[in-house]
Structures are given as structure tokens and as C-alpha cells.
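Participant: need the 3D shape of this:
(chains A and B)
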Amino acid sequence: MNATLGRTIILASLLVSTAGAIIAFAAGRTRSREGLKWAQRFAYAFAFLMIAATAVMEYALLTHDFSVGYVAQVGSRTVPVWVTIVSLWSSLEGSILFWGLILGIYIGIATWFTRNDYHEYMPDAIGVWLASAAFFSFLIAGPANPFLSVANPPLDGPGPNPLLQNHYLMAIHPPFLYLGYVGMTIPFGMACAALIKGRLGHGFLKPLRESLMLPWIFLTISIMLGGWWAYEVLGWGGYWAWDPVENASLLPWLTGTAALHSMVVLERRGILKGWTITLIQATFLLVILGTFMTRSGVFNSVHSFTQSSIGPTILGFLAAALVFTIALLATRIDLLESEGRLEGGVTREGMFLFNNLLFVLLTFTVLIGTVFPLVVEAINGKQMSVGRPYFDRMVVPVGAALLFLIGIGPALPWGRATRAQIRRALLPPIGGAILVSGIGFALGVRNPWTLLTLAFGGYAAQVTLTEMWLPLVQRLKRGDSFGEALVDANLGRGRRRFASYVVHAAAIVVIVAIAVSSTMRSDVELQMTRGQATTVAGYTVTLLGVEERAEPHRMSTVAKFTVAKNGAQRAVLEPRMNQYMAMREPIGSPDVYTTAGGDLYLSLMNVDIARQSVGVHVINTPMVVWIWISVIMMGIGGLAALIPHRRTAVTNYTPVVEPATPRYVKPEEVTAS
Amino acid sequence: MVAAAMLAAALAFGQAAQVPDAAQFVGPPQGRPLAGEELKERTQYIGGLLRCPVCQGLSVSDSPAEMAVNMKKQVGELLARGYTEEQILQYFEHSYGQFVLLKPKFQGVNALVWLLPVIVLVLGAAVVFMKMRKLAQPSVAAAPAPPAPAEDPYVARVREMVGGGK
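Facilitator: I've put the predicted structure just below:
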């Protein structure tokens, strides 16, 4: 019943998206308003069908309807309800359906927000979205159909992959990643539309920027959540291993970040149109490449599920999208005319160009490092590896250079600047560099790369904080009340600017925290028996005992430790080994005592209950928690930039042409009112 | 799992680990024997260069797998005997193939993975500089833009709203 209903809905969505795409492209050619209306209706219909199909699947999962193929594959009566709900994305077929759901929601919302505007571009944009929707409907209907009927339904199923049951982050990380990945379809469609029309007007930049910013926020946070999950579950005490699947999520983030920056120059100067479009399109292509890498099984990982037949299909889609994009770029990029021009290299615009160069270099390096082993094996049949030491060697210098740019970029004025201005902008933050690296040195940092990162971070932090509060201070000096100035400078008109510095500030903390945590970690491997205590990094760790705990879906062996410092107990940690029915090997679950300064991380290596003895890996890593906090701050900063400020603000200001050195002029009538 | 305990013991007491064929493949030790804190650090570092053959891309240092722990123990033993980093990597490459090296050697096709990013950097920098030059020229067709009105996007939008402007 559910299976038949699901299959019907998916076939309808395949029909709707295909027809909708054709109508939309036709409307784009003929510039027919009526055609655009129909394309919009088809877009809403696709969104509705995807929501309906997912609802059917969730219903089948929750009612344990094992006559539905996917439920028989991942369902189980013994797992908790939250696991059943998130089972939707715990295996291949369901995860593609989930992709369809997110795509439907994105297309529906994007169509709604643009329904009355941008008539020139929207038909082609909707056409591209629905074409992508048609492909994923095809995947769901054919190679990855979750709604296949099971002739003899089993009484119970095996449950989802234990790794996914092991931690609640698994309920959060995939939706965020999908919201990031799938959302890149929207700016891609808009970028293609601009190319098809051969025009990118200033008015269209806003929806383009916003539709890129939203998935960028989700992608940013999901990359962090993936790292956090690895840290909390995998037990080796790190959060990033340069694993192909991690790289797959990083690649579109890099080009997306580059695009967000080049768009700032585009908005202010009217240059870099074609380049920005190219970056947005590359972002989408890298999303599809990432999907191929993680889902096809070419790389062995948690994400590849089973060896599946959808690999070649996705590869075909990637090839088609690539050819389409290159053909568009090759024939039309010249139509996008620059309206402005650039003034000199040592300007803020110049720094944006270097930013883009470095992000593209990073993208390329990570891409090469990830696919190189595949290419080599395909060519000469020899297996080789490109791993962390390679990426550390290649990426760390570029990361340091980017941190340097976060510092000097915003310090430099827009447009041509005199030498004196440049000196005045660039010299004072050296104080911040000396201060922060000095603090680091005093706290025991000796690694030259880490010290350099701290210096760049200090420099960038001083610039960022100055830029953040300068408008506020200027307004206060002019006699505004604090509240008025705060709202005005940082929450109202200046919010996008302020928000971008929030993101920068958070990025600085992330980079510093990564540098410190990866070079300052200390660890020890111990064999302990009950009652035994040991001192690690100033903490006294005592083993209280080992016990077994049974839950419906797993057995756990839990070791209980107390952590004390200076005689006072700080925490009770319970690292454990979880044994799931479906798995032979137990999964270790470390436990972490987190403080602002650093984490004490306990991971079990072996357990002997009879002797009450455990082998435990104790890792002390400074600053880890700041990575999670700051990445969330980056997301919040991005969101703040997205929220539209009130239209009424328009009447309050007369346009002010900003001179080379930023000055914050407040029109008189506002002070009067 | 026992191996973990043995590793701890081997590191602590200098007990010999099983690397009988080292001399046969990479010759006599060419460095000085290490001990104590230095031995631990170098073991961790070299373990980080070796791939755990049974894991998903984790290094020998990072992996809790039994095989990785064993390999790390061997690294420690070789370092304690005075083998150099180069010799140890060579030894493991001999046993497991180049697959085990997480940092590809600058050799043959593999050199490309090191060279390509550098080439992209050089080409990219050249493109950026050319682009800067080109963009700095006043555009031919358009009327010479007045020293770029560093215009707030907000202002531009207001202008677009009221329908005037450019």
C-alpha cells in the first residue's frame, strides 16, 4: 500500500519536474509571462510531491511497514523512535529521497520569494532547478527506489547502520549537510539564467547572493558537525583526517566562500561578473562531484553505504552538468560586461582578488589530493595514498596566507590609497600580532607555524574588532545615544558589514584553534585497574570500575572515571564500547571533559570486566571547543547578513558616497528627528 | 588489544618488537638510537606518515586498530635501533607497497600531486596580475568612469528603486 503510493508519487514528480523544466525553458525563450506562471506552478507541485513522498516514507518507517523495501532494509522494532525517524537518511535509497525532499523545499521557497520579480531571469533559473529535480526524481524512481514492494515482508528488520545509531549528532549532521549541498542548486540555476540571458544586472545580485549565503551557512555548520561527530565517536581524538568524504564537503565550501567574496567586489565595482558566475557554477559541480565520491563507493567510507549502481548515473549527471556549464561559459561569458574598473593593487579590491586566488588554489589542491590516487590507479593500476601529511604540508601555508588576508584586506581602503593611508591602516595592528603571539609564547607555544598563525590571528583580530566598532564609535562621537548608534551601525543599515566581521572574527578563532589544537596536543596510553589513579596534564584520572549495561538495541561496556584537579572533582567520564547486534566489532565511544582551555578525552582501547582493567587513551587537546563555538558563530553571522532590514530605513538616509578612507557621515535630519 | 599493552611496555622498557627483517631490506641503521620523550615524539610523527592498511584513511598514529598499534610498535623499535625516517618509510613501503605512504614521494607520476598546485598558484597569480592591469585600464567603450564612485550597494539599490541613477 505505502509502497505503491510512494512509487506513484515519485512517478508524478518525475513527470512534473520534466514537464516543468521544458515549460520553463520555453518561457525563457519566448519571454512569456504566462509560461513563467506555469513554470512556477510546476515548481510548487514538485515541492508538494516531494514532501508527500517523504511523509509516506516516514509513515511507513514509524509504523514498521516492512512491505516497503527501504523499511525492510533499515527499519527495526527495537531501536528508539528518533533513530527510526532519522533512518530516512541512514542508507542510500532513503538519503536520495531526502535529497529530493530538500530540493523540493528549496525550489518551492526560492520560487515563492522570486515570484513577482526578476522576470527576465526566473524562467531559465526555474528550468535549471527543475531539470536537476527531474534527475533526482529519476534516481528515486529507478536506480535508488526506496518504495520497492517486498513480497514476503519480514517481521522485523536489522535497523540502520550502528555507527549512525551511536550518536545524536547523526540526527543533525546529515540534514545540515543536505541543506548546504542541495541548496547550491538554487544559485547555480540563477547563475545559469544570467549566462543564458547574457546579462547580470545589479538588481539580480541580491537574490543571487542570498541564495548562495543560505546554503553556505548550512554547509559551514555541517562540515563542523561532521568533524565534531568524528571527534565524539571515532575515538582517535581528532576531528579532521582529510578523508575523501570530508574533502568532498570542503570543496564546494571553498568555492562558495570565494564566490561570496568576489560578489562583494561585483556589487561595489561592477567587475568580476563572469568570474563570480563561474565560482557559483563550480560550487554546484563540486557538490555533484562530492555526491558521486561519497555515494558511489569509489572511496571506502561510512557514507558510501553499499556498492551501488547509482555511481555511474550520478557520474553521467555530473558530466552533463559540466558540459552544459562549460558550453554556457564558453559562449556567453563575454556578454557579461564589466561596468566599473579597478584601481591599483594595494586596495581592498586587490585583496579580494588575492583571496579568490587562494581559495581557488585551496580548492584545486584539495581536489587533486583527493582524486589523484583514483587517477593514478586508473592509469597504471598502482595503489597509492595521499593523506594528511600531504594536505598539512600544502594547505597550512595557504590557510596562513588567508588568515593574513583577513587581517590586511579589511584594513585597506577601497579604491586608490596614498602610501601614508596604507601605512596608517597596516601598521597599528602589528600591536595585536605581537600581543597574541606573545601570549601564546608565554603559554608554551613553540611551534613556529603555530606562532605565525597566532601573530596573523592577532593582527586580523585587531583589524576586525576595530572595523566592527568603528562605525559605532563614530556615531557616538557625533552625539547619538548608545542604543541609537548600536542599532544604526551594527544592526540596521550597517548590519551586513557588521555581520561579515562577525564571520571573520569567528574564522580567526577557528583557524587559531585548529593550529593550537593540532600542534599542542599531548596524549598517553595507559593500562589501568579499578581504583588506580594517574595524573595527566594536571588532571588526576581515577578508574572507579567497569560495568556492563544492556539496552534493547545494544550492549555497552562502560568504564567509569573521575577527573579531578587540585583535589576537587571536576567530572565523571564514561567512555564505553558499544556492541550492536548487526556488528561484529564493538564501536568505541569516547567521553570528553570540556573546558574553555581544552579537552580531556578518554577513549577505551580494551576492556577486561572480570579483572576490572581497561586500556585507555588519554588525550589532552587545547582549544577544541572553540572550533565548534566559532563555526556556529560563523553561521549566526551569515544569518544576520541575510535578514532583510526594514524598508522604512530608506527614507532615513540620503545616499552618502564613501570616500577612500571610510568615514561615517550621519545625515542631519536624522539627528534632528 | 593486547598489542596496546605491549606497546606501552615496549616503549617503557625498550623491549624488542618484531622487526627481524629490517636489516635485510634497508641495511644497517644510519642514524642514532632514540629513547625517552624524543623516541615517543618521533614514533608519533613517523606513525602519522604511514597509512593503517585496514582502516579508512587513518594513519598508524591515529588508528586504534590492532594492526596500526602493531605497526606503531615496529616504528618505535626501528627508531630505538637508530634507523632514520627515510629507512623506516622505505621498510614499510617494501612490506606494504607505496599505498602505505600517506605523503606521496616526489617521484614519477606522483610528483604531479606536488607540482600541480604550484603550477596553479603561478598561473593563477599571473592571471590575477593581468586581470588587475586590464581592469585598471579605463574601459574603451564606456565613458571614462569618474574615479570609481565607491558606492554603497545600499545606495545603488535606493537609486535603482527610484528608477534613476546610471
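
Participant: going by C-alpha atoms from here, please, whenever you check contacts or count neighbours.
Facilitator: Noted.

Participant: which residues in chain B form helices?
Facilitator: Along chain B, counting by DSSP state H, helices occupy B:2-13, B:22-26, B:36-49, B:66-81, B:85-96, B:111-136, B:153-161.

Participant: compare these and say which comes out lowest on pLDDT.
Facilitator: Ranked by mean pLDDT, those bottom out at helix B:2-13, with a mean of 45.

Participant: what's the most buried one of the helices of chain B?
Facilitator: For the helices of chain B, the largest average neighbour count (mean count of other C-alpha atoms under 10 Å in any protein chain shown) is found in helix B:66-81, namely a mean of 24.

Participant: how far does that helix sit from its chain's centre?
Facilitator: 21 Å (C-alpha atoms, centre = their mean, to the nearest Å).

Participant: name the element A:Ala241 belongs to?
Facilitator: Using DSSP states H and E, A:Ala241 sits within no helix or strand.

Participant: with A:Met57 instead?
Facilitator: Using DSSP H and E, A:Met57 sits within helix A:33-62.

Participant: now the next helix or strand after that helix: average pLDDT?
Facilitator: Using DSSP H and E, the helix or strand that follows helix A:33-62 towards the C-terminus is helix A:69-74. The average pLDDT for helix A:69-74 rounds to 91.

Participant: for helix A:69-74, buried residues please.
Facilitator: The neighbour-count check on helix A:69-74 (16 or more other C-alpha atoms under 10 Å in any protein chain shown) flags A:Gly69, A:Tyr70, A:Val71, A:Ala72, A:Gln73, A:Val74 as buried.

Participant: same question for stretch A:446-463.
Facilitator: Buried, per 16+ other C-alpha under 10 Å, within stretch A:446-463: A:449-463.

Participant: how far off centre is the helix holding A:Met57?
Facilitator: Between the centre of helix A:33-62 and the centre of its chain there are 26 Å (C-alpha atoms, centre = their mean).

Participant: with stretch A:553-560 instead?
Facilitator: The answer for stretch A:553-560 is 33 Å, by C-alpha atoms, centre = their mean.

Participant: what about the buried residues of stretch A:446-463, which are in helices?
Facilitator: Among those, the residues falling in helices (DSSP H) are A:449-463.

Participant: what does stretch A:43-50 contact?
Facilitator: A:9-10, A:12-13, A:16-17, A:20, A:100-101, A:103-105, A:107-108, A:111, A:126, A:130 (C-alpha atoms under 8 Å, 6 or more residues apart in numbering or on different chains).

Participant: the stretch 51-200 of chain A: helices as residue ranges?
Facilitator: For the stretch 51-200 of chain A, the helices defined by DSSP state H, counting those that start in this stretch cover A:69-74, A:81-86, A:92-113, A:122-141, A:162-165, A:169-183, A:185-197.

Participant: between the ones you listed, which one is nearest to B:His94?
Facilitator: Evaluated over these, closeness to B:His94 peaks at helix A:162-165, with 34.3 Å, by C-alpha to C-alpha.

Participant: now the closest one: buried residues?
Facilitator: Buried residues in helix A:162-165, defined by neighbour count with 16+ other C-alpha under 10 Å: A:Pro162, A:Leu163, A:Leu164, A:Gln165.

Participant: kindly report the same for stretch A:420-438.
Facilitator: Buried positions in stretch A:420-438, judged by neighbour count with 16+ other C-alpha under 10 Å: A:Ile422, A:Ala425, A:Leu426, A:Pro429, A:Ile430, A:Gly432, A:Ala433, A:Ile434, A:Leu435, A:Val436, A:Ser437, A:Gly438.

Participant: and for stretch A:567-575?
Facilitator: For stretch A:567-575, burial by neighbour count (16+ other C-alpha under 10 Å) applies to A:Val572, A:Leu573, A:Glu574, A:Pro575.

Participant: centroid residue for chain B?
Facilitator: In chain B, the centroid-proximal residue (C-alpha atoms, centre = their mean) is B:Lys103; its distance is 6.0 Å.

Participant: contacts only, for that one.
Facilitator: Contacts of B:Lys103 were listed using C-alpha under 8 Å, 6+ apart, and they are A:Ser385, A:Val386, A:Gly387, A:Arg388, A:Pro389, A:Tyr390, B:Leu49.

Participant: I only care about those that end up buried; give me the ChimeraX line for that.
Facilitator: In ChimeraX, a selection of the buried entries from the contacts of B:Lys103 looks like this (16+ other C-alpha under 10 Å):
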select /A:385,386,387,388,389,390 /B:49
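
Participant: just the ones of the contacts of B:Lys103 in helices?
Facilitator: Under the assignment DSSP H, these contribute A:Arg388, A:Pro389, A:Tyr390, B:Leu49 to helices.

Participant: which among these gets closest to A:Ala330?
Facilitator: Nearest to A:Ala330 among the ones in helices among the contacts of B:Lys103: A:Tyr390, at 34.1 Å, using C-alpha to C-alpha.

Participant: mind listing what the nearest residue to A:Asp591 once chain neighbours are set aside touches?
Facilitator: Once flanking residues are discounted, A:Asp591 sits nearest to A:Pro575: 4.7 Å by C-alpha to C-alpha, 6 or more residues apart in numbering or on different chains. Residues in contact with A:Pro575 (C-alpha under 8 Å, 6+ apart) are A:Val558, A:Ala559, A:Lys560, A:Gly588, A:Ser589, A:Pro590, A:Asp591, A:Leu602, A:Ser603, A:Leu604.

Participant: filter the residues you listed down to the ones in helices?
Facilitator: Per DSSP H, the contacts of A:Pro575 never map to helices.

Participant: confidence-wise, which of those comes last?
Facilitator: Minimum pLDDT for those is recorded at A:Gly588 (78).
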